[in-house]
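Chemist: Generate a structure from the sequence data that follows.
(chains A and B)
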There are 2 protein chains.
Amino acid sequence: MHEISEWYGEVVERAGLAEHSPVRGCMTIKPYGWALWENIQRPLDEAFKATGHQNAYFPLFIPLSFLAKEAQHVEGFAQECAVVTHYRIQTDSISKTVAPDPEAQLEEPLVVRPTSETIIWHAFKNWIHSYRDLPLLINQWANVVRWEKRPRLFLRTAEFLWQEGHTAHATAEEAMAEARQMLEIYADFVQRYLAIPVVKGRKTPTERFAGAVETFTIETLLIDGKALQAGTSHFLGQNFAKAFDVQFLNKENQLEYVWATSWGVSTRLIGATILSHGDEKGLVLPPYVAPIQIVVIPIWRNEEERTSVVEQAFTLAKALQQKGIRVKVDDDPQHRPGWKFNEWELRGVPIRVALGPRDLEAQTVELAWRHTGEKTTHPQDDLVRQAQSWLERIQVALYERAKARIDKQTYRVDSYPEMKEILESKGGFVLAHWDGTSETELAIKEETGATIRCIPLEAPLEEGTCVYTGRPSTQRVLFAKAY
Amino acid sequence: MHEISEWYGEVVERAGLAEHSPVRGCMTIKPYGWALWENIQRPLDEAFKATGHQNAYFPLFIPLSFLAKEAQHVEGFAQECAVVTHYRIQTDSISKTVAPDPEAQLEEPLVVRPTSETIIWHAFKNWIHSYRDLPLLINQWANVVRWEKRPRLFLRTAEFLWQEGHTAHATAEEAMAEARQMLEIYADFVQRYLAIPVVKGRKTPTERFAGAVETFTIETLLIDGKALQAGTSHFLGQNFAKAFDVQFLNKENQLEYVWATSWGVSTRLIGATILSHGDEKGLVLPPYVAPIQIVVIPIWRNEEERTSVVEQAFTLAKALQQKGIRVKVDDDPQHRPGWKFNEWELRGVPIRVALGPRDLEAQTVELAWRHTGEKTTHPQDDLVRQAQSWLERIQVALYERAKARIDKQTYRVDSYPEMKEILESKGGFVLAHWDGTSETELAIKEETGATIRCIPLEAPLEEGTCVYTGRPSTQRVLFAKAY
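Modeler: Alright, predicted model coming up:
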């Protein structure tokens, strides 16, 4: 597992996805990584809009006193806040050093948003007056900051990019339905677009979002056997409405507190994608989100051959583009084909097309399939005609392969020694009975390092006894060591 | 002019574009305002990509010492920086108040980016080694923070959203061509999509971006007679390359400092749009960026009529949507048609369609044209068939109207008393001769409040004498009071 961690850091940087910045914990997302993020944002944004949500934008800064209004919330985030205390810097004219200007100290310090519930619910107070203003369905694409002790690119960074949905409803039922709907949208997106199988579930009270009544989550298992929370959707009850005094006149003309949800996914999804499909050669990107779906590499030995293969490479690329495929021709004369093969394998392009003089004659192309390493030869016409369905097929194959891997790494366990053994030696998901208490949950966490990732929504009810205490239990829950 | 200022604030809030937040100087962009921003971002992003630029993302935080590396740069931004000094907050268990944790003070304070040249050039040092790495054409969509003493929604806010392009080139000529190209892209976008006429020009040394060798700008004149800088593109010479030691091996295998540009437009463009076309009834939005291009308002007196007009309203809306038009049916039973007419006028929707029982019979619709207030009746078929070309026509009409207004408010002036008189009584653009010195520029600024907005690129050379000193001049420059 340590090897995978090193592999991960190296692949992220060498493939040009992201790099560490001089500010501890903050990353620079490079063009290739950003293109991947854009391909994640687009379908998500469409799914939000198709379900009636509107985008808006709230301030980066939150007054310190706002955070304190919801007691659990501030406790959850106090440890990891970036605090702005000054609004001017000054240069020392002799030493030429710069420092915050002591005369420009803010009366009230500002926190760089770690999440926006408080600033948004402050605004909602003025936006919501009557049942006619509900539901209020808002989403924001933004950067947030949570100080991290052990940062890892994409998976855990001080600044990260995400979307955060914040909705207000007239009834608890409607808010709960919204929280569940967004969980489904996340699960569907992550499974269909990122080819990452997930388990949908509820968090235990210990693992809930700070300020939530119920937290739903999608959890996946990565190639190193560790679990990753890929997205969460919270039913917030009336906690924030009460903290910010947001009431509405119902149809009976009575004042009631509104009901709330919030939900988010982040650039962490990029980390999840890398660690779900990658192999020893580097990234393996799902076609739906790959910035480049097909790379065409012309191969030549002399100038004359070069002219004709490069020309045909661009002709094919254009035909593919017209079919809506993201394609690149790598005709860089600085590098040899072998170097390019490695490079585009490292960068995870689903299909590589090699085109040499002999292919020109035979009107064929040689394809290399990134996810299997297989090579096949096809008529050029077939490439153009079938590329789209080939990409679809790869997308499905990646999902199925990941599913098989996770199924294999999911263990139904009935004794605590067995559970410890598996968590220690193999990692993976462990389905075990639990007595439902936080004490047991924390004891297991301390002894094994594993947490309850979720109480699965779709698992059958089943009589059993807690692996730790032997007390009765009605459902297995999902344990794992996690990011 | 004071009235327009009040009108502006009221329209921005009442039309649901944005509002002030509890953090001084920061705004909340509401859904309608955000939809407008998305319609601005999309074509700009396409134009950047079409010219070979790639998006990336750099950290929000900049180490204080980075800012200091380029002397002019830090001087330009020191006055308006938000400074992060702590990474944790603590709750006082007795008073329940929160404060920065004194034990969690950062060794080096961080500045919330006011612009990203320094952090980006720090990264470029590792991205650029040889001429083969050039040109490097990067763009970032991001939030930035510049403390503002007199904030105004969209026009001048502490936090604002923008894009900032940062490019690196092998030669001065190529960097200069890039800076000029981006100016053209900005001018084209602002004129075509926002229907705002601009004057392209160079800034005087006093008005240049802090760290630039040459700043190009597009300037417009708003309905209150004040000028607004709508976008800037900077040729940075080798200033940042030298400050961050970014050199490349040229084709002759010699090390050279690279040449740079940066360029940006921001949410300020929304303010410019409002203050270019608005009238006493509220917003007048150019069709190309209007979140809603056509609003259909069904009119009924009883339940029976309601069913049929609402049904037909949605049928028309669907037909319009299929033509790619952004359309909304307002069938809200809570409000009367008159209220809706006012509301959608306030919100600047280009075409309003009223549809009553009599229209149903005659298969007609009544159109109200927001930019002229005119009403016309048309067969329903014509609406669907011609709506797209009507919207195009409105787009052009708005541009032409704004152009005529600005032409009328542009004065060629040859004496200083006349210049003062005009600036004092009417505002507007003043084209006058200037002797080319900063002393004269500053003296005029102090006495009249007007600055040199730019030295127009397309103005003819013309012998003359400086209005202030009588010294010789070869070209008129553009003076105005500005935002």
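Chemist: Can you list the helices and strands that the biggest helix by length in chain A packs against?
Modeler: Across chain A, the helix with the greatest residue count (assigned by DSSP state H) is helix A:380-408. Contacts defined by 3 or more C-beta pairs under 8 Å, 6 or more residues apart in numbering or on different chains; DSSP states H and E place helix A:380-408 against strand A:214-221, helix A:268-277, helix A:303-322, strand A:351-355, strand A:364-369. No exception for glycine: its C-beta is placed from N, CA and C like everyone else's.
Chemist: For residue B:212, find the nearest of these.
Modeler: Taking C-beta to C-beta, helix A:268-277 is the member of these nearest to residue B:212, at 34.5 Å.
Chemist: Can you pull the residues of the stretch 301-450 of chain A lying near chain B?
Modeler: residue A:334 (C-beta under 8 Å from any C-beta of the partner chain).
Chemist: Would you mind measuring from the residue nearest the centre of chain A to chain B?
Modeler: Note on chain A: the residue nearest the mean C-alpha position is residue A:269, at 2.0 Å, using C-alpha atoms, centre = their mean. Using C-beta to the nearest C-beta, to the nearest Å, residue A:269 is found at 15 Å from chain B.
Chemist: Could you do residue A:344 as well?
Modeler: 17 Å.
Chemist: That residue: what secondary structure?
Modeler: Here residue A:344 is recorded as helix under DSSP: H, G, I helix; E, B strand; the rest coil.
Chemist: Just list whatever residues bridge to the nearest residue to it once chain neighbours are set aside.
Modeler: Leaving aside its sequence neighbours, residue A:344 sits nearest to residue A:295 (C-beta to C-beta, 6 or more residues apart in numbering or on different chains; 4.7 Å). Taking DSSP bridges as the rule, residue A:295 bridges to residue A:328, residue A:352.
Chemist: shouldn't residue A:156 be in contact with residue A:149?
Modeler: No: taking contacts as C-beta atoms under 8 Å, residue A:156 lies outside contact range of residue A:149: 9.1 Å.
Chemist: Tell me which of those two has more neighbours.
Modeler: residue A:156 (16 against 10; other C-beta atoms under 10 Å in any protein chain shown).
Chemist: neighbours around the nearest residue to that one once chain neighbours are set aside, how many?
Modeler: The shortest distance from residue A:156 to any non-neighbouring residue, by C-beta to C-beta, 6+ apart, is to residue A:148 (5.2 Å). Around residue A:148 there are 18 other residues, counting by other C-beta under 10 Å.
Chemist: sec struct for residue A:148, please.
Modeler: Of the three states, residue A:148 takes coil according to three-state DSSP.
Chemist: Can you give me the end-to-end span of stretch A:328-339?
Modeler: In stretch A:328-339, first residue to last residue: 16 Å (C-alpha to C-alpha, to the nearest Å).
Chemist: re earlier: quick one, the longest helix of chain A and helix A:268-277 angle?
Modeler: Inter-element angle recorded for helix A:380-408 and helix A:268-277: 90 degrees (by axes from the mean of the first three to the mean of the last three C-alpha atoms, to 10 degrees).
Chemist: got the angle for helix A:380-408 vs strand A:364-369?
Modeler: Going by the same axes, to 10 degrees, helix A:380-408 is angled at 10 degrees with respect to strand A:364-369.
Chemist: How far does helix A:380-408 sit from its chain's centre?
Modeler: Computed by C-alpha atoms, centre = their mean, to the nearest Å, the chain-centroid distance of helix A:380-408 equals 21 Å.
Chemist: any chance of the helices and strands packed on helix A:380-408 in a markdown table, with distance to residue A:436 and mean pLDDT too?
Modeler: Listed next are those as a markdown table, based on distance: least, C-beta to C-beta, whole Å; pLDDT from 0 to 100:
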| stretch | distance to residue A:436 | mean pLDDT |
| --- | --- | --- |
| strand A:214-221 | 15 | 98 |
| helix A:268-277 | 29 | 98 |
| helix A:303-322 | 55 | 97 |
| strand A:351-355 | 49 | 97 |
| strand A:364-369 | 47 | 97 |
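Chemist: Out of those, which gets nearest to residue A:340?
Modeler: For the helices and strands packed on helix A:380-408, the distance to residue A:340 is smallest for strand A:351-355, at 8.6 Å, taking C-beta to C-beta.
Chemist: Next, the buried residues of the closest one.
Modeler: A:351-355 (16 or more other C-beta atoms under 10 Å in any protein chain shown).
Chemist: what does stretch A:241-261 give?
Modeler: Applying 16+ other C-beta under 10 Å to stretch A:241-261 flags A:241, A:243-244, A:246-248, A:257-261 as buried.
Chemist: Okay, and which of the residues you listed map to strands?
Modeler: The strands, defined by DSSP state E, take in A:247-248, A:257, A:259-261 from these.
Chemist: Return the closest of these with respect to chain B.
Modeler: Distance ranking of those against chain B, using C-beta to the nearest C-beta, places residue A:248 first at 14.8 Å.
Chemist: wait, isn't that closest one in contact with residue A:124?
Modeler: No: at 10.0 Å, residue A:248 does not count as touching residue A:124 under the criterion of C-beta under 8 Å.
Chemist: Give the residues shared as contacts by those two.
Modeler: Here residue A:248 and residue A:124 have residue A:258 as joint contacts, going by C-beta atoms under 8 Å, 6 or more residues apart in numbering or on different chains.
Chemist: sorry, back to before: in contact with the residue nearest to residue A:156, which residues?
Modeler: Contacts of residue A:148 (C-beta under 8 Å, 6+ apart): A:25, A:80, A:156-158.
Chemist: In terms of pLDDT, where does the closest residue to chain B within the stretch 101-250 of chain A sit?
Modeler: Nearest residue of the stretch 101-250 of chain A to chain B: residue A:147, at 4.5 Å (C-beta to the nearest C-beta). Residue-level confidence at residue A:147 comes out at 90, pLDDT.
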